[in-house]
Every structure is written in C-alpha cells, then in structure tokens.
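Colleague: I need the structure of the sequence given here:
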Amino acid sequence: MILLAPVAGIGRSTLALLAGIGRMTLYFLQTLAAMLRPPFYIKETLHAFWTIGYNSLPVVGLTALFTGGALALQIYAGGARFNAEQVVPSIVAIGMARELGPVLGGLMVAARVASSIAAEIGTMKVTEQIDALVTLSTDPMKYLTVPRVIAATLSVPILVAVGDSIGIFGGYLVGTGRLGFNEAAYLKNTADFLELWDVTSGLIKGAVFGFLIALIGCYFGMNSGRGAQGVGKATKSAVVTASVMILASNYLLTELFFSA
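Modeller: Coordinates of the predicted model:
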C-alpha cells in the first residue's frame, strides 16, 4: 500500500486537473451562448472597456518601450558577429509585431486584469452579491462575465497595436541614438520588411489572449472559495492559468499562422 500511495496521488491530481478542464470548458460554452442572447448590458461593457483597456495602457506602453530598446541592443550584438547589424530595424519590427508585442502585452494585461476580475467577482460571491443578482432575476453570466469578455476581446488587440508602435519606436530610439543608425534608413528598413500579415497575426493573437484573460478571471472569481483565503487563491490561480494559457495558445497560433 505504501508503494501505491504516490501512484494514487498522481491519479487524484490527474482526475482533478481533468475535472477542472471540463468545468472551464462548460463555462466557456455557457459564455459563448450568453454572448448571443439578450439582454445586453451596454453600460457594464463600456465600464469594462475603460478598466481593462484604457487603464492598461501605461503598463503595456512601458513594457513595449523597454522591450523594443532591449531587443535592438540584443540583435545588434548578435548581428555584429556575422557583420549583419543592418537587420536590426526589420527584426525589431517583426519580432514586436508577431511575438513580443502580443505575448508581453497579454501577460501584462493578465497580471493586471485577470487578478482584478477574479478578486472583484470572488468578493461579490463571498459577500453574496451574486446571490442578490439571482434574486433580482439578473443572470450573473450576462451581467458579470459577458461584458468583461467582450471588452477584453476587443480592447487587448488595440493595446497590442499601441504596444507594437511603442516597441518599434523604442528600437528606433536605441538604434539611432545608441547604435548609430541613420534615422531615415532605419525607418525605411522597418517599412520595407514589415508586412501586413505580421501586424494582423499579432492583433488576432491579442483578441484570443483578451478572451482567455477575461474568461479565466471570471471563471475563478465565480468559483472562488469562501473567505479572504478563497478569494486570494482564486486570484492567484487566475493569473497563473491565464499566463500559461497565453503562452500555450501563442505557440498554437504561431504554428497555425507561420508553419511551413
């Protein structure tokens, strides 16, 4: 029996993981169904746009700015080994648009928004405000989840576009001010090598990441335990799960968009 204890522990963990995936899948399907039927809470959706999108601009912008500058330095240092320093503008632009802009922007939004949503909805559950909504014949899924999911799905691509621009600008500042690139040549190389699909693929990733961030935050908030400890655990689980899902879905989308 002692030898079977570790195996039993692995089995319990596996079953718990599969059960969690099943519950989240059902929540995902319920959210999609709720998005297609009235009523639609426009005021709540606009408020979610403000809190998720506009209030996330500073952290996304600063992250992109410093990432673009660091990327320019790294590419220049690596390219110098092969006398290929001139690739800095094009690689910075492509790297920010395809990968770093969407992924880092998504992770920053996940850290800020998924935790906030989970804590807010979890606190509402603990204080029985969700039960009060049901008593007032208001569907919590429609009132709490759908506005946040719609707002995140539409606002994160905008944040990604802004982050891409700021990140490329950060690379431009470092390239022209620190690495000695000609300003006009830097801009020309950026424009010549950056294609529309590079930008579009990043925006699609941003929409998927936004959907996942809001969905996961709402799910863990709705399923949080009682008390402060339960809300804290739900917040932590929301951030960790959202971050892992962003990285996993990024690989799948990259494989879909750019596989040979």
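Colleague: residue ranges of the helices in the stretch 1-150 of the chain, please?
Modeller: 4-35, 42-48, 57-79, 88-95, 101-109, 115-126, 129-135, 140, 146-177 (DSSP state H, counting those that start in this stretch).
Colleague: Quick one: closest of those helices to residue 238.
Modeller: Closest to residue 238 of the helices of the stretch 1-150 of the chain is helix 115-126 (Cβ to Cβ; 3.8 Å). All C-beta atoms are positioned from the backbone trio N, CA, C, and that covers glycine.
Colleague: buried sites along that closest one?
Modeller: Neighbour counts over helix 115-126 (16 or more other Cβ atoms under 10 Å) mark 115-126 as buried.
Colleague: can you give me the helices in the stretch 151-260 of the chain?
Modeller: Under DSSP H, counting those that start in this stretch, the stretch 151-260 of the chain gives helices at 183-193, 196-222, 227-258.
Colleague: what about the shortest one, distance to the chain center?
Modeller: Read it as helix 183-193. 29 Å (Cα atoms, centre = their mean, to the nearest Å).
Colleague: How about residues contacting it?
Modeller: With Cβ atoms under 8 Å, 6 or more residues apart in numbering as the test, helix 183-193 has contacts from 86, 88-90, 92-94, 168, 172, 175-176.
Colleague: Enumerate the positions of that helix that are buried.
Modeller: 186-187, 189-190.
Colleague: do the last one as well
Modeller: Of all the residues in helix 227-258, those buried under the rule 16+ other Cβ under 10 Å are 231, 233-235, 237-239, 241-243, 245-246, 249-250, 253-254.
Colleague: Let me know the pLDDT of residue 244.
Modeller: Residue 244 is assigned 93 on the pLDDT scale.
Colleague: now it: how far from residue 153?
Modeller: 19 Å (Cβ to Cβ, to the nearest Å).
Colleague: burial of residue 206, as a residue count?
Modeller: 28 (other Cβ atoms under 10 Å).
Colleague: next one: residue 12
Modeller: The burial count for residue 12: 10, using other Cβ under 10 Å.
Colleague: Quick check: the gap between it and residue 19.
Modeller: Taking Cβ to Cβ, one finds residue 12 at 10 Å from residue 19.
Colleague: Please apply the same query to residue 186.
Modeller: The separation that residue 186 has from residue 19, given Cβ to Cβ, amounts to 53 Å.
Colleague: for residue 208, same thing?
Modeller: With Cβ to Cβ as the criterion, residue 208 and residue 19 are 24 Å apart.
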